[in-house]
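Engineer: Would you be able to build a 3D model of this:
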Amino acid sequence: MISTANRIEGVQEYYFSRKLAEVRRLNTPELPVINLGIGSPDMAPAESAVEALVSAARQEGNHGYQSYKGIPELRKAIAAYYGNTYGVELDPETMILPLVGSKEGIMHLTMAFVNPGEEVLVPDPGYPTYAAVANLVGATIRPYAIKEEFNWNIDLEELKQQDLSRVKLMWINFPHMPTGSTATTEQLAALVALARQHNFLLVNDNPYSLILNEKPLSVLSVPGAAEVAMELNSLSKSHNMAGWRIGWLAGHKDYVDAVLRVKSNMDSGMFLGLQHAAVEALQQGEEWFGKLNQEYSRRKKVAAQIMDALECTFTNDQSGMFLWAKAPEKVTDVPAWIDEILYATHVFLTPGFIFGDAGKRYVRLSLCSPLEALEEAKSRITGFLQQSAAAAH
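Structural biologist: Coordinates of the predicted model:
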């Protein structure tokens, strides 16, 4: 057998890639699996976005390669979206780079800025891809704590006391996944100041800002942030377009150009029809998002009832499309407990350990299932718990 490259020795297959194959094997007509683990929106995008895609796909001349930087209409729509949503002014010609989903941007950014041996600050708990990509480029991973006692935010004073001289890149993610915490303008400004002091790139991964969040913020709204900060964003979560793979990177022209040098050697521009659809999606207003968030609010109430039944503890001020909760003390092995629930009820929840050491005692529940599915999950889990209690006696 041909040996694999050393760079993948420390990188495991993405948890959900492996786990969902196991979950699918449990699926039966009699007891279909209810997947409350993945943050994949189940609701439809705006109808005008779908129509724009269909219309563009029917035109013969629209199926060729596209510019790596996207069509001007898309960049202008993103700039307008940033102005309306965050009060941030972006030059659509130089400060925006459309991406095939923002996840690719994590790799492109890291490759563009981080040398082997340099350090990357990643949140714990946090999105596993930040650390996985740092591993792939030969960087040194420096986890920093997102602390429950700080309402799942950063202990900035603790971070300031550390030696940050080898840090090249810091990932932040507000609203935070998996905890749903948000940052204030003052907290973002303090992080920008820290990045400037230590000369590293600060990147906010910002796909959840319009979901159950009254005050959307961009790190680029901090005065002078563009000197040291960039932002990833996408239509995946906020616009119900996860499978469409439409994202972007925003920031200083020089930083955008550096990422473009990587991107242009690794992929191509996105399909023109998708770009036209994105333009339409980005024009949706308060009414569309109001309906979206009303539905997520209804779902969150049932999700809270499920967590209550499981005797998990949680806060009610979480933004985004998940509910993050602490398992009861009587549960000694959270992943085993989650598997016990899965095999007994065919309801899949996410164990928090996959997001880092700080998540080991926690569980994440996705709101991306219809109310009926959440109610059925609650019924199954309640029945399982009652049977377990009866058997214990």
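Engineer: burial count for the nearest residue to S218 once chain neighbours are set aside?
Structural biologist: Of all residues not flanking S218 in the chain, Y86 sits nearest, at 3.8 Å (C-beta to C-beta, 6 or more residues apart in numbering). Heads up, the C-betas are built off the backbone N, CA and C, glycines and all. Look at Y86: counted by other C-beta atoms under 10 Å, it has 20 neighbours.
Engineer: Y86 touches L217, doesn't it?
Structural biologist: Yes. Y86 lies in contact with L217 (C-beta atoms under 8 Å); the separation is 6.5 Å.
Engineer: Tell me the residues that contact both of those two, please.
Structural biologist: Common neighbours of Y86 and L217, using C-beta atoms under 8 Å, 6 or more residues apart in numbering, are S209.
Engineer: same for the strand or helix carrying R196, what does it pack against?
Structural biologist: Using DSSP states H and E, R196 maps to helix 185-198. Where contact means 3 or more C-beta pairs under 8 Å, 6 or more residues apart in numbering; DSSP states H and E, helix 185-198 is packed against strand 153-154, helix 156-160, strand 167-172, strand 201-205.
Engineer: that's a strand at L232, yeah?
Structural biologist: Yes. Judged by DSSP: H, G, I helix; E, B strand; the rest coil, L232 forms part of a strand.
Engineer: Tally up the residues packed near it, please.
Structural biologist: 25.
Engineer: Stretch 84-102: which residues count as buried?
Structural biologist: The neighbour-count check on stretch 84-102 (16 or more other C-beta atoms under 10 Å) flags 85-86, 88, 90, 92, 95-102 as buried.
Engineer: What about G359, how many residues nearby?
Structural biologist: If we define neighbours as other C-beta under 10 Å, then G359 has 23 of them.
Engineer: surely it meets T350?
Structural biologist: No. At 9.4 Å, G359 and T350 do not qualify as touching, with contact defined as C-beta under 8 Å.
Engineer: which among the buried residues of stretch 84-102 gets closest to M307?
Structural biologist: Distance to M307 across the buried residues of stretch 84-102 (C-beta to C-beta) is lowest for S102, with 28.5 Å.
Engineer: can you tell me which residues contact the closest one?
Structural biologist: Counting by C-beta under 8 Å, 6+ apart, S102 makes contact with D205, P207, L232, N233, S234, S236, G247, W248, L249.
Engineer: what's the most distant pair in those residues?
Structural biologist: Top of the distance list for the contacts of S102 (C-beta to C-beta): S236 and L249, 14.2 Å.
Engineer: and these two? which has more neighbours close in?
Structural biologist: The neighbour count for S236 versus L249, taken as other C-beta under 10 Å, is higher for L249 (26 against 22).
Engineer: Domains of this structure: list them as residue ranges, please.
Structural biologist: When the chain is parsed with automatic domain parsing, its domains come out as 6-44+286-392, 47-281.
Engineer: what lines up beside the longest strand that the chain contains in the sheet?
Structural biologist: Ranked by residue count, the top strand of the chain under DSSP state E comes out as strand 140-147. The pairing partners recorded for strand 140-147 under DSSP bridges are strand 119-124 (parallel), strand 153-154 (antiparallel).
Engineer: for the last one, the distance to its chain's centre please.
Structural biologist: What that stands for is strand 153-154. Averaging C-alpha positions (C-alpha atoms, centre = their mean, to the nearest Å) puts strand 153-154 17 Å from its chain's average.
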